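Asks: Whatever this is, show me its structure:
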Amino acid sequence: MLKGYRVQDGQLLVDELGLGATFTPETTWLDLMEPTAEERSFVAEALGIDVPTREEMYEIEVSSRLYLEEDVPFMTALILFHADTPQPETTPITFILTRTCLVTVRYADPASFRTFIAQIGRRPQRASTPERIICGLLEAVTDRIADILERAAGDLDAVSREVFAETEGKEKRKRRDLTEVLRRIGRSGDLISKTRESLVSITRLVTFLTATSKTSARKGLRVRLKTLARDALSLSDHAAFEANNVNFLLQATLGVINIEQNAIIKTFTVAAVAFMPPTLVASIYGMNFEVMPELKWPLGYAFALGVMVLSAILPLLYFKRKGWL
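Replies: Next up, the predicted model:
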């Protein structure tokens, strides 16, 4: 799918471009969404640029993601999407900043792009130049990541309160579902890891774009890019802090699980020790010897039961006095 965005008479116009269409000089943004090979070739011939393939966009070398071709910067960044699902992902999106328009090549539809399109629909002047568009897109991506980090921090705070909550009475006897807590920590950790990966690629893109924006037409772009770089750096620091928080909560949760398992084992151990003396008494009176005076006592059965009960109570009282119960 190929869409062209242009501002005319103060209004944003969106053109559904097909093969063989003519780009108007007012077009400031060409958005290639899951382009076919024919659409890539069409844009490449019309603008005189080489549109990268999907395989080339996934290459991890910095030189393959950030480079110049005839003073035209080609920049690929990993953008977070599916952040509201249990399985967040990152997708490479290529930005090609020509002198007349911005070309974006993507195979996913992140929420930040939809947000920016809605913004320029209300304020078309934000799409008046390619420089404003790429800045607006990067700002929308950064704002989206900031919102995601705020939500992840809130989730981790809720997990922290649940793990370290003090319970009394009946609530103390209830077993908490710490398995679900571990899953929540894992999802938060995965989400924060994806945001850090996206922020690193955005920081590299902004640094590269700042270094290549030396023409007079793009000098106004550098101020916004410096602000973007500071925002991305501060978000990276915050993401690193939250990643440390994830590790802390993970270790704490595993420690709580270990403590609860030890308490369960302790209960079984006490029960086993308490039943050992009665078992010994029962074993003694279960032996088949002919000379056992207690077998002929009228109160022999009651005597044996009393000894077994007493031998069970005494260890429990001893354990309680020692503070083991």
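Asks: Quick one: list the elements packing against the helix or strand containing residue 283.
Replies: Residue 283 belongs to helix 219-285 when assigned by DSSP states H and E. On a contact count with 3 or more Cβ pairs under 8 Å, 6 or more residues apart in numbering; DSSP states H and E, helix 219-285 meets helix 130-163, helix 178-212, helix 300-322. Placement of C-beta: from N, CA and C, glycine included.
Asks: Adding mean neighbour count, mean pLDDT and distance to residue 235, write those helices out as a markdown table.
Replies: Putting these into a markdown table (neighbours: other Cβ atoms under 10 Å; pLDDT from 0 to 100; distance: least, Cβ to Cβ, whole Å) gives the following:
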| stretch | mean neighbour count | mean pLDDT | distance to residue 235 |
| --- | --- | --- | --- |
| helix 130-163 | 19 | 89 | 6 |
| helix 178-212 | 19 | 88 | 6 |
| helix 300-322 | 13 | 83 | 54 |
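Asks: mind putting those helices in CSV, distance to residue 292 included?
Replies: Formatted as CSV, the helices and strands packed on helix 219-285 follow (distance: least, Cβ to Cβ, whole Å):
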stretch, distance to residue 292
helix 130-163, 58
helix 178-212, 53
helix 300-322, 9
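Asks: List just the one of those helices that sits closest to residue 112.
Replies: helix 130-163 (4.1 Å; Cβ to Cβ).
Asks: how many neighbours does the residue nearest to residue 138 when sequence neighbours are not counted have?
Replies: Nearest residue to residue 138 in three dimensions, chain neighbours excluded: residue 228, at 5.5 Å (Cβ to Cβ, 6 or more residues apart in numbering). Residues lying near residue 228 (other Cβ atoms under 10 Å) number 21.
Asks: Then residue 40?
Replies: Using other Cβ under 10 Å, residue 40 has 18 other residues around it.
Asks: Now do the strands in the stretch 1-150 of the chain.
Replies: Ranges of strands within the stretch 1-150 of the chain are 2-8, 11-17, 27-33, 66-69, 72-81, 89-97, 102-106, based on DSSP state E, counting those that start in this stretch.
Asks: For residue 159, which of the ones you listed is the nearest?
Replies: Of all the strands of the stretch 1-150 of the chain, strand 72-81 comes closest under Cβ to Cβ, at 21.1 Å.
Asks: could you dump that closest one to CSV, C-alpha only?
Replies: Taking C-alpha atoms only, strand 72-81 is exported to CSV below (Å, rounded to 0.1, in the frame of the first residue of the first chain):
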residue,chain,number,x,y,z
VAL,A,72,20.2,11.3,1.0
PRO,A,73,20.1,9.7,4.5
PHE,A,74,18.7,6.2,4.8
MET,A,75,17.8,5.5,8.4
THR,A,76,16.3,2.3,9.9
ALA,A,77,15.1,2.2,13.5
LEU,A,78,13.4,-0.5,15.6
ILE,A,79,10.0,0.7,16.6
LEU,A,80,8.0,-0.9,19.4
PHE,A,81,4.5,-2.2,18.5
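Asks: strands paired with that strand, and their directions?
Replies: According to DSSP bridges, strand 72-81 forms sheet pairs with strand 66-69 (antiparallel), strand 89-97 (antiparallel).
Asks: how about CSV for those strands, with mean neighbour count and distance to residue 265 added?
Replies: Below are the strands paired with strand 72-81 laid out as CSV (neighbours: other Cβ atoms under 10 Å; distance: least, Cβ to Cβ, whole Å):
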stretch, mean neighbour count, distance to residue 265
strand 66-69, 14, 56
strand 89-97, 21, 41
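Asks: ok, now how distant is the closest residue in space to residue 213 that isn't next to it in sequence from residue 68?
Replies: Nearest residue to residue 213, sequence neighbours excluded (Cβ to Cβ, 6+ apart): residue 221, at 5.0 Å. With distances taken as Cβ to Cβ, to the nearest Å, residue 221 is found 16 Å from residue 68.
Asks: any weak-confidence spans in the stretch 201-325 of the chain?
Replies: 214-220, 324-325 (pLDDT under 70).
Asks: I figured residue 140 hits residue 117, correct?
Replies: No. With contact defined as Cβ atoms under 8 Å, residue 140 does not count as touching residue 117 (9.2 Å).
Asks: where does the stretch 1-150 of the chain have low pLDDT?
Replies: 19-22.
Asks: quick one on the thing from earlier: need the strands paired with strand 72-81 in a markdown table with distance to residue 310, can you?
Replies: Shown next, in a markdown table, are these (distance: least, Cβ to Cβ, whole Å):
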| stretch | distance to residue 310 |
| --- | --- |
| strand 66-69 | 82 |
| strand 89-97 | 67 |
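Asks: if we compare those, which one ends up closest to residue 295?
Replies: strand 89-97 (77.6 Å).
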